[in-house]
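# Next comes the sequence, and after it the predicted model I'd like to discuss.
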Amino acid sequence: MQGLRFVCQAGCTKCCEVSGYVYLTEQDLKRAAAYLGMSARSFEKKYIYRTKHLLRLRKPCGSQCHFLEKGGCSIHPVKPLQCRVFPFWPEKIGSPAAWWEAGRMCPGIGEGPLIPIDGVMRVANEMREAYTGMYSRPSRVTG
Ligand code: SF4
Ligand code: SF4
């Protein structure tokens, strides 16, 4: 495989609306708190659910994410890594079938320029390294 085609579509927020959790790195937490003029502690108290190995955003009633607004993500410049690198998650680029499945939800998949596979792998590995609590098992993503 030479690469994958993807370009995010203007006005789309589908990946923020699907059922699932938004995980954050410690850096994500600090950046989002600063962007909102809050202390990391206050931000965590209000928005974060922390387990032994992971941090994730709490979900508000009737929505998947506190920060999803009509015009898009209200913390766009500092959104968590998993949001920034979607759809190049290790589990989505791990096989053609998984990529195709992701394309059923994301209209940007299959569009735009061909992104070289080594760049795609770099992004996926960035996610793997940032979320060690999530990707602790061996995987097919290398490079
Ligand atoms: S679903 Fe795809 S096209 Fe839509 S906002 Fe998310 S990444 Fe962009
Ligand atoms: S943080 Fe922003 S980009 Fe991520 S799911 Fe929430 S609204 Fe979407």
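It's in. In this text the structure is predicted, and so the values were computed from the model without any measurement. Ligands and ions are numbered 1, 2, ... in the order given.

# Kindly report the residues of the protein close to ligand 1.
Residues of the chain lying near ligand 1 by CB under 6 Å from any ligand atom: C8, Q9, C12, T13, K14, C15, F86, P87, C106, P107, G108. From N, CA and C alone the C-beta is placed, and that goes for glycine too.

# and if we set it to 8 Å?
When proximity is defined by CB under 8 Å from any ligand atom, the chain lies next to ligand 1 at 6-9, 12-16, 86-87, 105-109.

# Of the residues you listed, grab the buried ones for ChimeraX.
Command for ChimeraX that selects the buried part of those, burial taken from 16 or more other CB atoms under 10 Å:
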select :6,15,16,86,87,106,108,109
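
# What about the residues of the chain next to ligand 1, which are in helices?
K14, C15, C16, M105 (DSSP state H).

# what does the average pLDDT come to for the longest helix anywhere in the chain?
For the chain, the helix with the greatest residue count under DSSP H is helix 117-130. For helix 117-130, mean pLDDT is 96.

# what about it, near ligand 2?
No: using CB under 8 Å from any ligand atom, we find that helix 117-130 stays clear of ligand 2, coming within 13.5 Å at best.

# circling back: among the ones in helices among the residues of the chain next to ligand 1, which ones lie close to ligand 2?
Within these, those near ligand 2 by CB under 8 Å from any ligand atom are C15, C16.

# Sort out which one of the ones in helices among the residues of the chain next to ligand 1 lies nearest T132 for me.
C15 (22.7 Å; CB to CB).

# ok, so what distance separates that closest one from A40?
As judged by CB to CB, to the nearest Å, C15 and A40 stand 26 Å apart.
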